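> only the shape, not the letters, is given here:
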C-alpha cells in the first residue's frame, strides 16, 4: 500500500507542476511533440532510447529546479543576491540541458 501511495504522490507532483509551472508545461508539450515525431519517423530502438533518456533528463531536472526554487522562496522571503545567484545557476543548468536536448533531437532525426 505504501508503494502505491508513493506512486500517487509522485504523479500528483508531476500534475501539479504541469498545472502551475509554465516552463514545465512548455517542456512537456515539446517532449510529447518530439516523441510523436519519433513515432511518425519510425525511428530505431537506439534512437528511442536516446530520445527517452534525454526527455527524462530535461523534465526531471526542470522538476528539481522548481523544487529548489520553491524551497528557497519558503526559506528566504526577502530578495537576497545569493539566492538570486543560486536560482540563476539552476535555471542555467536547465537551459544547458534543454539546448543539448535540442541538439540530440536534431542528430537523432537527421542521422
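Arrived safely, thanks for sending. Predicted, not measured: the structure shown is a model, and the values here were computed from it.
> now residue 50: which helix or strand?
Under the criterion of DSSP states H and E, residue 50 resides in helix 45-75.
> any idea which helix or strand comes after that helix?
That would be, after helix 45-75 and using DSSP H and E, helix 81-110.
> buried set for that following helix?
90, 94, 97, 98, 101, 104, 105, 108 (16 or more other Cβ atoms under 10 Å). The way it works is simple: take the backbone N, C-alpha and C, and place the C-beta from them, glycine included.
> ok, and what's touching stretch 79-87?
68, 69, 72, 76 (Cβ atoms under 8 Å, 6 or more residues apart in numbering).
> test my guess that residue 69 contacts residue 90.
Yes - counting by Cβ atoms under 8 Å, residue 69 touches residue 90, with 6.6 Å between them.
> one step back: now the buried residues of helix 81-110 as TSV including pLDDT?
Converted to TSV, the buried residues of helix 81-110 look like this (pLDDT from 0 to 100):
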residue	pLDDT
90	97
94	96
97	96
98	95
101	96
104	96
105	95
108	94
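> follow-up on the earlier one: what subset of the contacts of stretch 79-87 is buried?
Going by neighbour count (16+ other Cβ under 10 Å), these have 69, 72 buried.
> including distance to residue 41, could the contacts of stretch 79-87 go into CSV?
CSV is the format used below for the contacts of stretch 79-87 (distance: Cβ to Cβ, whole Å):
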residue, distance to residue 41
68, 35
69, 35
72, 41
76, 46
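> lowest pLDDT pick from the contacts of stretch 79-87?
Among the contacts of stretch 79-87, residue 76 carries the weakest pLDDT, at 91.
> show me the contacts for that residue.
residue 83.
> report the two of the contacts of stretch 79-87 separated the most.
Across the contacts of stretch 79-87, the longest distance by Cβ to Cβ is 12.2 Å; it joins 68 and 76.
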